[in-house]
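Asker: Predicted structure and sequence below. I'll ask about it afterward.
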Amino acid sequence: MPLAGLAEAPGAGAGRARVRPGDAAWPAETEWQGLSRQVQGRLIRPESRLLACAGAPRSPACDRVFQGIQNPYLLGDDPALTQTLGWVDAWTSMPSAYAVAARSTEDVRAAVDFARRHRLRLVVKGGGHSYQGTSNAADSLLVWTRGMNAIQLHDGFVPQGCDRIAAPQRAVTIEAGALWGAAYDAVTTRGGGYVQGGGCMTVGVAGLVQSGGFGSFSKRFGLAAASLLQAEVVTADGAVRTVNACREPELFWGLKGGGGGSMGVLTRLTLQVHPLPDEFGTVTCAVRARSDQDFRRLLDLTLRFYAERLHNPHWGEQIRIRPGNTIRIEMLFQGLNRGEAQAVWQPFFQTITELPDAFEWTAAPFVMALPARTFWAPSTFKKMAGFMKADDRPDAPEGNVFWAGDQGQAGQVLHGYESCWLPATLLAGGERQRLVDALFDGSRHGGIALHVNKGLAGADPAARRAARDTATHPAVLEAFALAISATEGPAAYPGVPGHEPDVERGRQRARSTAAAMAGLRRLLPTPASYLAESNYFERDWQRAFWGDNHARLQAVKRRYDPDGLFFVHHGVGSEGWSADGFSPLT
């Protein structure tokens, strides 16, 4: 890490080492009982079913455990588990020593106060989707916000203290433990509006907003962080603060893309509700080139078509470049009907079809549109069995559904993960040829997905303006896509024979992932990454995640958390602590 970052790290050397169970300073049982009374008995000791499985790894009960953790709702509803179970050579999901199953802001405040007084490692979990492992840590006190999931719509919201400068507008207040599937159901299905959130329906609302937050339609509606109007947050001093553009604006700005768990514990967020388009829809297909030369041609054809017809607010999601000379299209659209979307894509479909000696369809083109108001309705999902899955627990709420394509993430063990924003200048002329070459070379090592909704070049001008007032890396404004290459293995856990991660295979695939992205990174003078979807081992992470915004974030951290109570891997201020967050660095 840069020495300058270490020297300026908020909290570096400011406090003493945090305590662990067995240390003389670990709270006595009577003190834990006092915290339990303060939070109305909601202090619990999380017990991992995976650790219990280690004692009988070949049993039917253990088989049921590994089958069950393929359900993202089960993972989210268990304080001892996380959506990703680990990352080879990086981290393994571990339960906290204690957890406060918070149901109110006062519960959160009590947990923060207790952790500060007793020098405990504090962890926050809402949806638990962190690839970096930030929502879990052994020997810690967990603030588990999943039970705080109320959602309230407003017809004319004005942030506190902003009466003179802000007109009333539609908004939604969402508690920190709510998931995006529930938020969409409330705002869109029942409310007839749109709130910018994540594409994965089991991601937590608070974590996504704090990381910046992209959804399928970010080219139209921008970052989730940019739609934040107001937030309630518990800071390291135990204060409950209501922050917005008029009240404590620097902390408010830091919460908009500064990273989850670094500045405080969000308890509720109020987000702008946008007008709902008439329809949402999808376009899917897959094409294989018959030779390497044809694949270069296909890459160029696809990128040129994207630049000419799709680089606008209507289109989002992914163009997947796969080994085997294949491109898979998985796009979503808004603001068009099915016929209009079909007309946009017809030239591409026709070109591929008319060149059978060069290309073949491995998945025929499919175009579908739905009324936007029913897009996230549980009744719609029942009609889309091939696209959707449901929480299979007997007592699961009807609305617990998720995209079938996301199931592979439930319980995954990551091997490697790389991302970088690609500027729109790479789509033109000779620069496009350089991009084609890098994608071709990368595909010899692994898959690369171009997430075109995770770059704001070509986006709605209002969305771009709003994004400038967030902490997210400025590179997002000029990027047409976020390129991601990642590899992972199925649900696995160390110490459970028959279910352990394949470490050697994981290391080999991590090297392949790095090789797949190497050419793309060489195209960029200073590669920038999306902090929520990035390499755990990123060296220059301060610059990669925030660029020039990092210095301002450090100033916010120094003001509101000078002793570094809130620690997450590669979070603002983490330079001042050991890798596990227990020992301050001098």
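Answerer: Arrived safely.

Asker: Next up, the contacts around the closest residue to residue 498 other than its chain neighbours.
Answerer: Residue nearest to residue 498 in three dimensions, not counting chain neighbours: residue 57, with 5.3 Å by CB to CB, 6 or more residues apart in numbering. (Each C-beta comes from the backbone N, C-alpha and C, glycine too.) Residue 57 sits next to 496, 497, 498, 499 when contact means CB atoms under 8 Å, 6 or more residues apart in numbering.

Asker: If we use 6 Å, what do you get?
Answerer: Counting by CB atoms under 6 Å, 6 or more residues apart in numbering, residue 57 makes contact with 496, 497, 498.

Asker: And for residue 149?
Answerer: Contacts for residue 149 (CB under 6 Å, 6+ apart) come out as 175, 177, 178.

Asker: Now do residue 140 against residue 514, distance only.
Answerer: According to CB to CB, to the nearest Å, residue 140 and residue 514 sit 31 Å apart.

Asker: all helices of the stretch 351-500 of the chain, in order?
Answerer: Using DSSP state H, counting those that start in this stretch, the helices of the stretch 351-500 of the chain run over 378-382, 429-443, 461-467.

Asker: Turn the ones you listed into TSV, including distance to residue 145 and mean pLDDT.
Answerer: Formatted as TSV, those follow (distance: least, CB to CB, whole Å; pLDDT from 0 to 100):
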stretch	distance to residue 145	mean pLDDT
helix 378-382	24	70
helix 429-443	39	96
helix 461-467	26	98
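
Asker: host element of residue 197?
Answerer: Secondary structure assigned from DSSP states H and E places residue 197 in neither a helix nor a strand.

Asker: re earlier: buried ones among the contacts of residue 57?
Answerer: Neighbour-count burial (16 or more other CB atoms under 10 Å) applied to the contacts of residue 57 gives residue 496.

Asker: Run through who's touching stretch 170-183.
Answerer: 126-127, 145-154, 157, 187, 193, 195, 197-198, 201-203, 205-206, 229, 266-273.

Asker: pLDDT on that stretch, on average?
Answerer: Confidence over stretch 170-183, taken as the mean pLDDT, stands at 97.

Asker: okay, how far is it across it, tip to tip?
Answerer: For stretch 170-183, the separation between the terminal residues is 14 Å (CA to CA, to the nearest Å).

Asker: List the buried residues for it?
Answerer: The neighbour-count check on stretch 170-183 (16+ other CB under 10 Å) flags 170-183 as buried.

Asker: Just the ones in strands from those residues, please.
Answerer: 170, 171, 172, 173, 174, 175 (DSSP state E).

Asker: returning to what we had before: could you let me know which of the contacts of residue 149 ends up closest to residue 563?
Answerer: Of all the contacts of residue 149, residue 177 has the smallest distance to residue 563: 26.4 Å, by CB to CB.

Asker: coming back round to it: will you turn the contacts of residue 57 into JSON lines that also has pLDDT and distance to residue 577?
Answerer: Output for these, formatted as JSON lines (pLDDT from 0 to 100; distance: CB to CB, whole Å):
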{"residue": "496", "pLDDT": "94", "distance to residue 577": "30"}
{"residue": "497", "pLDDT": "92", "distance to residue 577": "35"}
{"residue": "498", "pLDDT": "91", "distance to residue 577": "36"}
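
Asker: model confidence over the top strand by length along the chain, on average?
Answerer: Longest strand in the chain by number of residues, with DSSP E as the criterion: strand 359-371. For strand 359-371, the mean per-residue pLDDT is 97.

Asker: That one: which residues count as buried?
Answerer: 359, 365, 367, 369, 370.

Asker: If you count contacts, what does the lengthiest helix in the chain end up packed against?
Answerer: Assignment by DSSP state H gives helix 503-522 as the longest helix of the chain. Helix 503-522 is packed against strand 413-423, helix 429-443, strand 479-489, with contacts defined by 3 or more CB pairs under 6 Å, 6 or more residues apart in numbering; DSSP states H and E.

Asker: Pull it out as PDB, backbone CA atoms only.
Answerer: Written as PDB, here are the backbone C-alpha positions of helix 503-522 (Å, rounded to 0.1, in the frame of the first residue of the first chain):
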ATOM      1  CA  VAL A 503      -7.600 -24.700  -3.100                       C
ATOM      2  CA  GLU A 504      -5.100 -25.700  -5.800                       C
ATOM      3  CA  ARG A 505      -7.700 -25.400  -8.600                       C
ATOM      4  CA  GLY A 506      -8.800 -22.100  -7.000                       C
ATOM      5  CA  ARG A 507      -5.300 -20.700  -7.200                       C
ATOM      6  CA  GLN A 508      -4.900 -21.900 -10.900                       C
ATOM      7  CA  ARG A 509      -8.200 -20.300 -11.800                       C
ATOM      8  CA  ALA A 510      -7.300 -17.100 -10.000                       C
ATOM      9  CA  ARG A 511      -4.200 -16.800 -12.200                       C
ATOM     10  CA  SER A 512      -6.300 -17.400 -15.300                       C
ATOM     11  CA  THR A 513      -8.700 -14.700 -14.200                       C
ATOM     12  CA  ALA A 514      -5.800 -12.200 -13.800                       C
ATOM     13  CA  ALA A 515      -4.500 -13.200 -17.300                       C
ATOM     14  CA  ALA A 516      -7.900 -12.700 -18.800                       C
ATOM     15  CA  MET A 517      -8.100  -9.100 -17.600                       C
ATOM     16  CA  ALA A 518      -4.400  -8.200 -18.100                       C
ATOM     17  CA  GLY A 519      -4.800  -6.900 -21.600                       C
ATOM     18  CA  LEU A 520      -7.800  -4.700 -20.700                       C
ATOM     19  CA  ARG A 521      -5.900  -3.200 -17.800                       C
ATOM     20  CA  ARG A 522      -3.000  -2.400 -20.000                       C
END
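
Asker: quick one: that helix to strand 413-423, angle?
Answerer: Put simply, helix 503-522 runs at 0 degrees to strand 413-423, going by axes from the mean of the first three to the mean of the last three CA atoms, to 10 degrees.

Asker: quick one: contacts of helix 503-522?
Answerer: 88, 415-416, 418, 420, 438, 441-442, 445-446, 448, 483, 485, 487, 527.

Asker: And the average pLDDT for that helix is what?
Answerer: In the prediction, helix 503-522 has an average pLDDT of 98.

Asker: for stretch 239-256, same thing?
Answerer: In this model, stretch 239-256 has an average pLDDT of 98.

Asker: Figure out the length between the terminal residues of it.
Answerer: End-to-end distance for stretch 239-256, by CA to CA: 19 Å.
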